[in-house]
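Chemist: Take this sequence and fold it.
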Amino acid sequence: MVAQYHFLFVYREKKNKTKDIIMLCFVYILFVINIMFATFLVIFIYYLNKEDLDLCH
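Modeler: So this is what the prediction gives:
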């Protein structure tokens, strides 16, 4: 998805340059937030499972 926006940004006419830059920044920020959220979720679930295992033993 990010690659598609980057492709549009690079090969588009230069009249909407500021709009494209804002859009690209917005997409990259969303992408980074998604990665951070996914990582946090994995770590959180891992620690929950670890605590459950500790309680079982």
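
Chemist: got the buried residues for whichever helix or strand residue 41 is part of?
Modeler: If you go by DSSP states H and E, residue 41 is part of helix 17-56. The neighbour-count check on helix 17-56 (16 or more other C-beta atoms under 10 Å) flags 20, 24, 27 as buried. In this view, the C-beta of every residue, glycine as well, is placed from N, C-alpha and C.

Chemist: Could you dump those into JSON lines with distance to residue 34 and pLDDT added?
Modeler: Below are the buried residues of helix 17-56 laid out as JSON lines (distance: C-beta to C-beta, whole Å; pLDDT from 0 to 100):
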{"residue": "20", "distance to residue 34": "21", "pLDDT": "79"}
{"residue": "24", "distance to residue 34": "16", "pLDDT": "86"}
{"residue": "27", "distance to residue 34": "11", "pLDDT": "88"}
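
Chemist: In CSV: the residues you listed, plus distance to residue 43.
Modeler: Below are the buried residues of helix 17-56 laid out as CSV (distance: C-beta to C-beta, whole Å):
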residue, distance to residue 43
20, 35
24, 29
27, 25
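
Chemist: The helix holding residue 41 - contacts with which helices or strands?
Modeler: helix 2-11 (3 or more C-beta pairs under 8 Å, 6 or more residues apart in numbering; DSSP states H and E).
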